[in-house]
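J.: Got a sequence here, can you build the structure:
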Amino acid sequence: MLASMVTVAYEGVDARRVDVQVQQLSSDQSSFTIVGLADKAVAESRERVRGAFAGIGLAMPSKRIIANLAPADLPKEGSHFDLPIALALLASMGVIPADALAGWAAVGELGLDGRIAPVGGTLPAAVAADAMGLGLICPEANGPEAAWAGEVAVLAPRSLIGLVNHFKGTQVLRRPEPGAMRSGARVPDLREVKGQESAKRALEIAAAGGHNLLFIGPPGSGKSMMAARLPGLLPPLTPKELLETSMVWSVAGLIERGGLTRDRPFRSPHHSASMAALTGGGLRAKPGEASLAHNGVLFLDELPEYSAQALDSLRQPLETGEIVVARANAHVRYPARFQLIAAMNPCRCGFGGGGKGACGKAPRCQRDYQNRISGPMFDRIDLTVETPPVTAADMALPPPAEGTAEAAARVFAARAMQEDRLRAAGIDPDVARDQAVNARASGETLDRFATPDEAGRALLMRAGEAGGLTARGWTRTLRLARTIADLDGCDGVLRRHIAEALVHRRSTVGAQGDFERQSAAAHPAPAF
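T.: Numbering: from 1, shown residues only. Just a heads-up that it's a prediction; the model follows:
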């Protein structure tokens, strides 16, 4: 008898339909074969299914059993194929009515005692099942996560015998409730940072426009301290962003008991992280830190200490908002629209060429250390801010009058201006979602809303003629100036906004550095 069951295979965060077909053939020798481009974890499902059947008191048929996972050319990875294979086999044995499985898809790993263990990717599986007009059968521990997928029917049994009893009508499984909306860890207050007013201003600009930011300063100057306070300035995830981010975390197996959070992700990998750890991949492709920071922040401390290969692997996602892991037989895509915040010392000894403890090898030591980061990577960073040492006089001062709450209010107002501007201009909703912050503005949006006045354009032209702005640098300067104007509450981009944006652009040649120093002297950055 032929029986079938629907399940999914994961390609990035997308779940593709897989039909599990089980057939029993007459044979002198019993066997159990799984075909359909299955990896080792799927091939081992045979023994887990045997053990689970024994655990609930069922004997395997003394026949030749073939389980086909179709389409056969789609790679199948993971232990979540255990449950659909077992259900299709139970239907072919007549233990479960075959028509009872017609409206369901299933994912789950089986234990040898018949219990159903949790698996990653339940939320994308539930979304895919809903799109196919099916319900989802998943482990009990994953039920609250699957329930977030909308009105999709969900069964979340604890064990295989409980699911058999449900389909035979002797037990009723209720739809699980969505998991609790969790609140994130407490974010420290910006008021605790003394001094560094220019760096605080840059942090506020970065939060308002979603811009990439680099702090350069000696040890103890507050670089990591300020980066840790950025999440408190950012608005919560929108419903669409929440679903996108949660699907990535689900595939990575990081959602516990279905608990989601509207706090934006903040990922801070160690500088020993490999390229695969940052961008994803490995033997079984999993999302990397860049994808886990989707719609949030990726903080890279000690930036030059990362390998050049790992850092340069982030150049493409910083532009496209996605990562493509190339395999011999497939290309796996993960979303990776993150905000990059980085910190570094000016040289290897930490203190650079000036002040107490100055490096005796300056400026060569600084140049060699900073050259570990490629020019194209620097070009993708919108704001570069120096954080000088905090003096004893700074530490003796009382806490600043303004902290996270006041800065977050300005960030919220600036982001509201960006949303209202796109809505009032009748920009296509899909384009508006992709360009919700100034750091992603392009094309018509950039031309209409970030064109500076005549004085600002002249200043930008002088900077470009000085040789320090690439085409990408020109665009990013306009985006940055638009954010500064939003924080000022200005509809147009003025000369002072262009000047402040140019001050924050990293100098790439001596002429540009001289130009920026002159601009900084003529147009100092506003105090925080």
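
J.: which residues in the stretch 251-400 of the chain form helices?
T.: Taking DSSP state H, counting those that start in this stretch to define them, one finds helices in the stretch 251-400 of the chain at 275-279, 289-292, 308-312, 315-320, 364-370, 375-379, 392-396.

J.: Those: which one's closest to residue 268?
T.: Comparison of the helices of the stretch 251-400 of the chain against residue 268 by C-beta to C-beta identifies helix 289-292 as nearest, at 8.5 Å. The C-beta positions use only the backbone N, C-alpha and C, and glycine is treated the same way.

J.: any idea where the helices of the stretch 401-528 of the chain begin and end?
T.: Applying DSSP H, counting those that start in this stretch to the stretch 401-528 of the chain gives helices spanning 404-424, 429-434, 443-449, 454-465, 471-488, 495-504, 510-522.

J.: just to revisit the earlier point, single out the most deeply packed of the helices of the stretch 251-400 of the chain.
T.: For the helices of the stretch 251-400 of the chain, the largest average neighbour count (mean count of other C-beta atoms under 10 Å) is found in helix 289-292, namely a mean of 26.

J.: Can you name every helix or strand that that one contacts?
T.: helix 239-251, helix 275-279 (3 or more C-beta pairs under 8 Å, 6 or more residues apart in numbering; DSSP states H and E).

J.: what helices or strands is the longest strand seen in the chain leaning on?
T.: Longest strand in the chain by number of residues, with DSSP state E as the criterion: strand 14-25. Contact here means 3+ C-beta pairs under 8 Å, 6+ apart; on that basis strand 14-25 packs against strand 2-11, strand 64-70, helix 82-93, helix 122-131.

J.: so residue 484 touches residue 497, yeah?
T.: Yes - at 4.4 Å, residue 484 counts as touching residue 497 under the criterion of C-beta atoms under 8 Å.

J.: quick one on the thing from earlier: what about the helices of the stretch 401-528 of the chain, which gets the closest to residue 291?
T.: Closest among these, once you apply C-beta to C-beta, is helix 429-434, at 17.3 Å.

J.: any idea of the angle the helix or strand harbouring residue 34 forms with helix 82-93?
T.: If you go by DSSP states H and E, residue 34 is part of strand 31-35. Orientation check (axes from the mean of the first three to the mean of the last three C-alpha atoms, to 10 degrees): strand 31-35 against helix 82-93 gives 130 degrees.

J.: Strand 31-35: which residues count as buried?
T.: Neighbour-count burial for strand 31-35 flags 32, 34 (criterion: 16 or more other C-beta atoms under 10 Å).

J.: I'd like the helices and strands packed on helix 289-292 as JSON lines, with mean pLDDT and distance to residue 366 appended.
T.: As requested, those are exported to JSON lines (pLDDT from 0 to 100; distance: least, C-beta to C-beta, whole Å):
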{"stretch": "helix 239-251", "mean pLDDT": "94", "distance to residue 366": "38"}
{"stretch": "helix 275-279", "mean pLDDT": "93", "distance to residue 366": "25"}
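
J.: For residue 491, find the nearest of the ones you listed.
T.: Per C-beta to C-beta, nearest to residue 491 of these: helix 239-251, 26.9 Å.

J.: How about that closest one, which residues are buried there?
T.: Applying 16+ other C-beta under 10 Å to helix 239-251 flags 241, 242, 243, 244, 245, 246, 247, 248, 249, 250, 251 as buried.

J.: between the residues you listed, which is closest to residue 16?
T.: residue 251 (12.9 Å).

J.: ok, back up a step: now the helix or strand following the strand holding residue 34: how far from the chain's centre is it?
T.: Heading C-terminal from strand 31-35, the first helix or strand you meet, by DSSP H and E, is helix 40-43. Relative to its parent chain, helix 40-43 has a centroid offset of 28 Å by C-alpha atoms, centre = their mean, to the nearest Å.

J.: Repeat that for stretch 459-466.
T.: Here stretch 459-466 is found 36 Å from its chain centre; the criterion is C-alpha atoms, centre = their mean.

J.: then that stretch to PDB, C-alphas only?
T.: Only the C-alpha atoms of stretch 459-466 are listed here, as PDB (Å, rounded to 0.1, in the frame of the first residue of the first chain):
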ATOM      1  CA  LEU A 459      30.500  72.100  -0.600                       C
ATOM      2  CA  LEU A 460      29.800  68.500  -1.700                       C
ATOM      3  CA  MET A 461      31.300  69.200  -5.100                       C
ATOM      4  CA  ARG A 462      34.500  70.600  -3.500                       C
ATOM      5  CA  ALA A 463      34.800  67.400  -1.400                       C
ATOM      6  CA  GLY A 464      34.400  65.300  -4.500                       C
ATOM      7  CA  GLU A 465      36.900  67.300  -6.500                       C
ATOM      8  CA  ALA A 466      39.400  66.900  -3.600                       C
END
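
J.: which of the residues in that stretch are buried?
T.: Of all the residues in stretch 459-466, those buried under the rule 16+ other C-beta under 10 Å are 459, 460, 463, 464, 466.

J.: now do stretch 217-235
T.: Neighbour-count burial for stretch 217-235 [16+ other C-beta under 10 Å]: 217-218, 221-234.

J.: same check, this time on stretch 89-103
T.: Going by neighbour count (16+ other C-beta under 10 Å), the buried part of stretch 89-103 is 89, 90, 91, 92, 93, 96, 98, 101.

J.: Out of those, which one has the weakest pLDDT?
T.: Least confident of the buried residues of stretch 89-103 in the model: residue 98, at 84.

J.: before we move on, the earlier item: tell me the angle the longest strand of the chain makes with strand 2-11.
T.: Angle, strand 14-25 to strand 2-11, by the same axes, to 10 degrees: 150 degrees.

J.: The buried residues of stretch 217-235 in helices, which ones?
T.: 223, 224, 225, 226, 227 (DSSP state H).

J.: shouldn't the third one be in contact with residue 193?
T.: Yes - between residue 225 and residue 193 there is a contact at 5.9 Å, judged by C-beta under 8 Å.

J.: re the thing from before, the helices of the stretch 251-400 of the chain into JSON lines, with extra columns for distance to residue 118?
T.: Compiled in JSON lines, those are given as follows (distance: least, C-beta to C-beta, whole Å):
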{"stretch": "helix 275-279", "distance to residue 118": "23"}
{"stretch": "helix 289-292", "distance to residue 118": "19"}
{"stretch": "helix 308-312", "distance to residue 118": "31"}
{"stretch": "helix 315-320", "distance to residue 118": "29"}
{"stretch": "helix 364-370", "distance to residue 118": "45"}
{"stretch": "helix 375-379", "distance to residue 118": "39"}
{"stretch": "helix 392-396", "distance to residue 118": "49"}
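
J.: Tell me which of those approaches residue 170 most closely.
T.: So among those, helix 289-292 is nearest, using C-beta to C-beta, at 42.7 Å.

J.: what is the mean pLDDT for the closest one?
T.: In the prediction, helix 289-292 has an average pLDDT of 96.

J.: cool, and stretch 3-16?
T.: Stretch 3-16 comes out at a mean pLDDT of 94.

J.: Go through it and flag the buried ones.
T.: Going by neighbour count (16+ other C-beta under 10 Å), the buried part of stretch 3-16 is 3-15.

J.: quick check, nearest of those residues to residue 266?
T.: Taking these together and measuring to residue 266 by C-beta to C-beta, the closest member is residue 13, at 19.7 Å.

J.: Quick check, that closest one in contact with residue 334.
T.: Yes - distance between residue 13 and residue 334: 6.4 Å, which falls inside the contact criterion (C-beta under 8 Å).

J.: Show me whatever sits in contact with both of the two.
T.: Applying C-beta atoms under 8 Å, 6 or more residues apart in numbering, one finds that residue 13 and residue 334 are jointly contacted by 248, 287.

J.: residue contacts, the residue lying closest to residue 385 once chain neighbours are set aside?
T.: Of all residues not flanking residue 385 in the chain, residue 202 sits nearest, at 4.4 Å (C-beta to C-beta, 6 or more residues apart in numbering). With contact taken as C-beta under 8 Å, 6+ apart, residue 202 is in contact with 213, 383, 385, 504, 525.
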